[in-house]
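*Asks:* sequence and predicted structure below; questions after.
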Amino acid sequence: MSLRKSYTLLAPVYDGFLRRVSSRPRAASLSFLEVPQGAPVLLAGIGTGLDLPHLPQGPRYVGLDLTYAMLARVPRGYADVALVQGDVMRMPFADASFAAVVLHLIVAVVPDAARCLAEAERVACPGARLLVLDKFLRPGQRAPLRRAANRISRRLATRLDVVFEEALESAPALEVEHDTPMFAGGWFRSIVLRKRAVR
């Protein structure tokens with residue numbers, strides 16, 4: 001089953017599964033979002049808009065998602081958000097378009113985490129922060145149950161075998177500022193990246 005079809009089917013129940021468990025980690029990650037008034041911020045993989053209650057007022061937000069079914073459920077009234085249907089592995093934006101990029105529960109969802117990070121690096125301005133919240137294996141971690149379950153989960157909703165450090169190799173301009181274990185025994189991590197400024 002394609003990711004587009006899976007998330008079209010999941011859209012009506014997505015919030016019920018994720019709103020409560022992800023609210024605090026989302027808020028904690030977004031506390032690192034510091035951009036000037038009116039600056040453009042990309043919400044890559046906005047889904048149904050669960051980040052919106054935690055966003056500061058002031059920036060200009062652009063929400064990107066693969067499926068219309070998810071975008072149709074994004075609520076109005078929290079922040080000024082322009083919605084765009086598109087693929088985070090081939091973003092429809094110019095280089096250095098955004099002062100910050102939010103990647104919540106998307107890097108380990110897409111088929112190619114490395115390509116997702118490389119695209120995020122491309123569209124981020126030099127000096128921009130990229131906020132990642134997702135589940136990642138550690139380098140060398142065996143996790144046999146997660147890897148076995150990944151054979152099914154990757155076809156339905158998400159990958160369980162992504163090693164963040166390996167995916168990050170595709171985005172050499174990104175440096176880790178913070179890496180904080182969140183929940184599920186540290187399987188979920190809040191990672192703050194910075195794109196190196198041009199010298």
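*Replies:* Looks like it arrived, so ask away.
*Asks:* from here on, just use CA atoms for contacts and neighbour counts.
*Replies:* OK.
*Asks:* how about the residue nearest to the spatial centre of the chain, nearest residue that isn't a chain neighbour?
*Replies:* In the chain, the residue lying closest to the centroid (C-alpha atoms, centre = their mean) is Leu103, at 1.9 Å. Spatial nearest neighbour of Leu103, chain neighbours left out: Val132 (4.7 Å); criterion: C-alpha to C-alpha, 6 or more residues apart in numbering.
*Asks:* re the thing from before, for the residue nearest to the centre of the chain, list the residues it contacts.
*Replies:* Leu43, Ala44, Gly45, Leu130, Leu131, Val132, Leu133 (C-alpha atoms under 8 Å, 6 or more residues apart in numbering).
*Asks:* hang on, the earlier thing: direction included, what does the helix or strand hosting the residue nearest to Leu103 pair against?
*Replies:* Secondary-structure assignment from DSSP states H and E places Val132 in strand 124-135. In the sheet, strand 124-135 lines up against strand 98-104 (parallel), strand 188-195 (antiparallel) (DSSP bridges).
*Asks:* burial count for the closest residue to Asn150 other than its chain neighbours?
*Replies:* Leaving aside its chain neighbours, Asn150 sits nearest to Leu160 (5.1 Å; criterion: C-alpha to C-alpha, 6+ apart). Close neighbours of Leu160, defined as other C-alpha atoms under 10 Å, add up to 23.
*Asks:* Arg155 now?
*Replies:* Per other C-alpha under 10 Å, the neighbour tally for Arg155 reads 15.
*Asks:* contacting residues for Gln149?
*Replies:* Rather than Gln, residue 149 is Ala. Contacts of Ala149 (C-alpha under 8 Å, 6+ apart): Leu160.
*Asks:* what are the phi and psi angles of it?
*Replies:* Here is the backbone geometry of Ala149 (degrees, to the nearest 10): phi -70, psi -30.
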